[in-house]
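Colleague: coordinates only, no sequence provided:
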């Protein structure tokens, strides 16, 4: 038994998770690799071949790295757990007129819980992934997620939902490194092909990146059921007809198939009336929002009016705000207007590089 302990490493077959496993192995941990099959592409009905983390080549790449370095490797089929929760939620959110972020939900409720369950079965002390973020224990005893050194790869935003019992047993060894250093490590370990391997930024169960087609295939009769709704302006005037409210997102400008003589953007979606509101770019600006399903990380509570930088999407640089707890939700008041707040997306609150917590955007307001 290693003095550093035994760690179960999620290995997708890509560069980040492979280097994670090999780095921990070199550091003296007893490593066990595990590759999770979350989705069967044959059931998606899409036109694109399997890519990313759930294809046979990726499974083989992960297993080969483990064999070559002398540690165990397992394949874990979590398709049923994944599909029932993540995919059903994905469909339900679009049908409710919101824009979901399935990767956050998967990390929080499926992958980490599945890893921890198997880690306990294999007597592992820790779990580890190839995410670019850091975890440390704060002076108050709580475990805190913070930004990675490489801000172009930082993934702290998608980890806001991890609870303390998960964070206390998670290792994220890539946090202190830039991607260029990880590519060099892959070369040094003898895997130059990994450094050239394309990274997938698509939703894993929508391999052709066509979420509209995915919704049509998953929900019988959806296209006919929602077709023919109205585009309206902000005072309710009908501007034309759309193809169905689930097929649009807040802030969308392209693909509207309506000519009004000026660029227009989707500013609101109403699933009850099947209406999609259009407006100018300025109409996307809001300065307040409500966030629900809160998970606090750095503190067990927040001071009313606490200043935080709030990010409303993964690539958002964030905006200064004050945050207030209200009946289990958080009201966010931005110092300046922010553009494109989309219900269903994640809002993550930062204090410096540390994640204070996060939640799901419920609604936005202009006050």
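Modeller: All right, it came through fine. This one's a predicted model, so the numbers in the text were calculated from it and none came from an experiment.

Colleague: point out where this protein drops to low pLDDT.
Modeller: Across the chain, residues meeting the criterion (pLDDT under 70) sit at 1-2, 40-57, 198-202, 367.

Colleague: and stretch 186-199, how far out from the chain middle?
Modeller: 25 Å (Cα atoms, centre = their mean, to the nearest Å).

Colleague: hmm, I typed the wrong one, I wanted stretch 11-25.
Modeller: Stretch 11-25 has its C-alpha centroid displaced from the chain centroid by 20 Å (Cα atoms, centre = their mean).

Colleague: repeat for stretch 153-168
Modeller: With Cα atoms, centre = their mean as the basis, stretch 153-168 stands 10 Å off its chain's centre.

Colleague: buried set for it?
Modeller: Under the neighbour-count criterion of 16 or more other Cβ atoms under 10 Å, stretch 153-168 has 153, 154, 155, 156, 157, 158, 159, 160, 161, 162, 166, 167 buried. Any C-beta I mention is one placed from the backbone N, CA and C, and that applies to glycine too.

Colleague: out of the residues you listed, which comes closest to residue 85?
Modeller: For the buried residues of stretch 153-168, the closest approach to residue 85 (Cβ to Cβ) belongs to residue 161, at 12.8 Å.

Colleague: tell me the secondary structure at that closest one.
Modeller: Three-state call for residue 161 (DSSP: H, G, I helix; E, B strand; the rest coil): coil.

Colleague: my read: it touches residue 104, true?
Modeller: Yes - here residue 161 lies in contact with residue 104, judged by Cβ atoms under 8 Å, at a distance of 5.9 Å.

Colleague: same for whatever helix or strand residue 347 lives in, what does it pack against?
Modeller: Using DSSP states H and E, residue 347 sits within strand 346-351. Under the contact criterion of 3 or more Cβ pairs under 8 Å, 6 or more residues apart in numbering; DSSP states H and E, the helices and strands touching strand 346-351 comprise strand 306-311, strand 329-339, strand 354-365.

Colleague: residues touching the nearest residue to residue 350 once chain neighbours are set aside, list them.
Modeller: Nearest non-adjacent residue to residue 350, counting by Cβ to Cβ, 6 or more residues apart in numbering: residue 309, 4.5 Å away. If a contact means Cβ atoms under 8 Å, 6 or more residues apart in numbering, then residue 309 has 318, 319, 320, 321, 349, 350, 351 as its contacts.

Colleague: if we go to 6 Å?
Modeller: Residue 309 sits next to 318, 320, 350 when contact means Cβ atoms under 6 Å, 6 or more residues apart in numbering.

Colleague: also residue 275?
Modeller: For residue 275, the contacting residues are 229, 230, 232, by Cβ under 6 Å, 6+ apart.

Colleague: same question for residue 126.
Modeller: Each residue near residue 126 by Cβ under 6 Å, 6+ apart is listed here: 7, 169, 171.

Colleague: just to revisit the earlier point, scan the contacts of residue 309 and report the most crowded one.
Modeller: Each of the contacts of residue 309 was scored by neighbours using other Cβ atoms under 10 Å; the highest score is residue 350's, at 22 neighbours.

Colleague: brilliant, that's me finished.
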